[in-house]
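K.L.:
coords please:
(one chain, ligands or ions: 1)
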Amino acid sequence: MNDDSFTVTPWDVTGPVDYAKLIKKFGTEPITPELLERIEKHTGPLHHMLRRGIFYTHRDMNWLLDEYEKGNKFYLYTGRGPSGSIHLGHVVTWEFVKWLQEAFDTTLLFQITDDEKFLFNHKFKTTKETYDLAIENILDIIAMGFDHNKTKIMIDTDNAKTLYNAALPIAKKITFSTVKSSFGFTNSNNLGEIFYTSIQAVPAIIESVWQKKNVPCLIPHAIDQDPHFRVSRDVLPKLGYYKPASIQNSFFPGLTGEDGKMSSSKADTAIYLTDTPKQVKKKINKYAFSGGQATLEEHRKLGGNPDIDISYQWLRQFFEPNDDKLKKIEDDYRSGALLSGELKAYLIEKVNAYLKTHQERKEKARDQLDKFLISD
Ligand code: TRP
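P.N.:
From the prediction side, this is the model:
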């Protein structure tokens, strides 16, 4: 989607994103207090990303819950395009997926789109590069603690037979002109790019194919992927399947807060799951955009602005799930009692604690690969 000030497509997010505008442009539904209440009836206390509106929009959640209440359980589908190392922006969505999976006791299918990244990204010369990244990324996904009894991972090039067979009828119903208008493609896009969306649609119906009956599907994803699923939702009912429901989050900002989204193309403003405590400390202290005042005296007198402060935003979105603690941080920062450096120190501690656990688990992840991967 193009706008004067920002762009959001599955391959490009730039500028300050206006999330209210995106809802209108994409045509998704806001998550209302009524919907939250309905979810809470099934899950118990809501995840902080729902309470705080990080996951803020959806398609067909009420339908999905209607089915769930009738005993027609859904499965979860999400994915990862392996274009580089995993950073905090990615795990935000997946931590929520894990919560959903546990709260609704569902299975989860994780699609790793090495084909997509090979086709769309000029930096990759061979499919081995994207395949190797797929495996590396999967180790991070496993290290997040998903239950292998309920979680399956498919790598597109390894599961080509399943995917291609199921993608064919989907591709047959999507015209070139739909792809052009949905993704902004032109005559210079390559053939693989044009076909690709049909591959991303498959996991939304694959349980129905396998079980030979329609199974509802919920896709949690960052809002930039919506154009794919808008196309899927048009096509799948024509083939006799349900439309997949979706629940979508806003982006996790990079340290400088300049762009809407943490991005690997700006390594200094992203924190990777492999970063050391020292690197984390250095990056946050040096780059995290501060809503504090220029001098100590001014800060004590005027207070800081948490709304634009990246350290505060990271705590709100991810690292401080406790509402009371977050409120105290916000109040103290606004009043000037809490300094920028102190806020950063608190965040650094939280980030490093998260990464420590993750890195320990990742060392054991390779032995678990076979339990997660689906073979064709
Ligand atoms: N296209 C996504 C990416 O570039 C990967 C992906 C595939 C995905 N299927 C998905 C993401 C479903 C979210 C939900 O990262």
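K.L.:
got the contact list for stretch 327-341?
P.N.:
Here stretch 327-341 makes contact (C-beta atoms under 8 Å, 6 or more residues apart in numbering) with 285, 290-293, 296, 299-306, 309, 311-312, 315, 320, 343, 346. No exception for glycine: its C-beta is placed from N, CA and C like everyone else's.
K.L.:
Figure out the length between the terminal residues of it.
P.N.:
18 Å (C-alpha to C-alpha, to the nearest Å).
K.L.:
from the chain's centre, how far out does that stretch sit?
P.N.:
Centre-to-centre, stretch 327-341 and its host chain are 29 Å apart (C-alpha atoms, centre = their mean, to the nearest Å).
K.L.:
same question for that stretch, mean pLDDT?
P.N.:
Average pLDDT, stretch 327-341: 97.
K.L.:
do the same with stretch 106-114
P.N.:
Stretch 106-114 carries an average pLDDT of 98.
K.L.:
start to end distance for that stretch?
P.N.:
25 Å.
K.L.:
That stretch and the ligand in contact?
P.N.:
Yes. Using C-beta under 6 Å from any ligand atom, stretch 106-114 reaches the ligand at Q111, T113.
K.L.:
ok now that stretch, how far from the chain's centre?
P.N.:
12 Å.
K.L.:
Stretch 343-356 too?
P.N.:
Offset of stretch 343-356 from its chain centre (C-alpha atoms, centre = their mean): 21 Å.
K.L.:
Give me the PyMOL select line for the contacts of stretch 327-341, limited to the buried ones.
P.N.:
One line in PyMOL is enough to select the buried ones among those; burial here means 16 or more other C-beta atoms under 10 Å:
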select buried, resi 290+291+292+293+299+303+304+306+309+311+312+315+320+343+346
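K.L.:
Inside helices: which ones of the contacts of stretch 327-341?
P.N.:
Per DSSP state H, helices hold the following members of the contacts of stretch 327-341: N285, L296, H299, R300, K301, L302, S311, Y312, L343, Y346.
K.L.:
Find me the pLDDT at the residue nearest to the first one when sequence neighbours are not counted, would you?
P.N.:
This means N285. Nearest residue to N285 in three dimensions, chain neighbours excluded: K344, at 5.9 Å (C-beta to C-beta, 6 or more residues apart in numbering). Here, the pLDDT recorded for K344 equals 98.
K.L.:
burial of E116, as a residue count?
P.N.:
By the criterion of other C-beta atoms under 10 Å, E116 has 26 neighbours.
K.L.:
Could you do K125 as well?
P.N.:
If you count neighbours by other C-beta under 10 Å, K125 ends up with 8.
K.L.:
before we move on, what about M49?
P.N.:
M49 has 23 nearby residues by other C-beta under 10 Å.
K.L.:
And the pLDDT at it?
P.N.:
98.
K.L.:
just S265 next, same as before
P.N.:
72.
K.L.:
can you check the one 3 residues further on too?
P.N.:
According to the model's per-residue confidence, D268 sits at a pLDDT of 78.
K.L.:
Against the ligand, how distant is the residue nearest to N285?
P.N.:
29 Å (C-beta to the nearest ligand atom, to the nearest Å).
K.L.:
Was I right to think that residue contacts I284?
P.N.:
Yes. Contact status for K344 versus I284: in contact at 5.4 Å, counting by C-beta atoms under 8 Å.
K.L.:
possible to save the ones in helices among the contacts of stretch 327-341 as a markdown table with distance to T32?
P.N.:
Shown next, in a markdown table, are these (distance: C-beta to C-beta, whole Å):
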| residue | distance to T32 |
| --- | --- |
| N285 | 39 |
| L296 | 43 |
| H299 | 38 |
| R300 | 40 |
| K301 | 40 |
| L302 | 36 |
| S311 | 30 |
| Y312 | 26 |
| L343 | 32 |
| Y346 | 33 |
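K.L.:
Of these, which pair is most distant in space?
P.N.:
Longest distance between any two of the ones in helices among the contacts of stretch 327-341 is 23.5 Å, between N285 and K301; criterion C-beta to C-beta.
K.L.:
how about stretch 89-109: buried residues?
P.N.:
Applying 16+ other C-beta under 10 Å to stretch 89-109 flags 89-101, 103-104, 106-109 as buried.
K.L.:
for the residue nearest the centre of the chain, helix, strand, or coil?
P.N.:
Note on the chain: the residue nearest the mean C-alpha position is T93, at 3.7 Å, using C-alpha atoms, centre = their mean. The three-state assignment at T93 reads helix, by DSSP: H, G, I helix; E, B strand; the rest coil.
K.L.:
L76 versus that one, what's the distance?
P.N.:
Distance of T93 to L76, given as C-beta to C-beta, to the nearest Å: 12 Å.
K.L.:
shared neighbours, the two?
P.N.:
P220.
K.L.:
okay, stretch 356-374 in PDB with CA atoms only?
P.N.:
Extracted C-alpha coordinates of stretch 356-374, given in PDB (Å, rounded to 0.1, in the frame of the first residue of the first chain):
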ATOM      1  CA  LYS A 356      20.200 -15.800  27.900                       C
ATOM      2  CA  THR A 357      17.300 -18.300  28.200                       C
ATOM      3  CA  HIS A 358      16.900 -18.300  24.400                       C
ATOM      4  CA  GLN A 359      20.600 -18.900  23.700                       C
ATOM      5  CA  GLU A 360      20.800 -21.800  26.200                       C
ATOM      6  CA  ARG A 361      17.700 -23.400  24.600                       C
ATOM      7  CA  LYS A 362      19.100 -22.900  21.100                       C
ATOM      8  CA  GLU A 363      22.100 -25.100  21.900                       C
ATOM      9  CA  LYS A 364      19.800 -28.000  22.400                       C
ATOM     10  CA  ALA A 365      17.500 -27.200  19.400                       C
ATOM     11  CA  ARG A 366      19.400 -29.000  16.700                       C
ATOM     12  CA  ASP A 367      18.700 -32.400  18.300                       C
ATOM     13  CA  GLN A 368      15.000 -31.700  18.100                       C
ATOM     14  CA  LEU A 369      14.900 -30.700  14.400                       C
ATOM     15  CA  ASP A 370      13.500 -34.100  13.300                       C
ATOM     16  CA  LYS A 371      10.600 -33.900  15.800                       C
ATOM     17  CA  PHE A 372       9.400 -30.700  14.200                       C
ATOM     18  CA  LEU A 373      10.000 -31.000  10.500                       C
ATOM     19  CA  ILE A 374       7.400 -32.500   8.200                       C
END
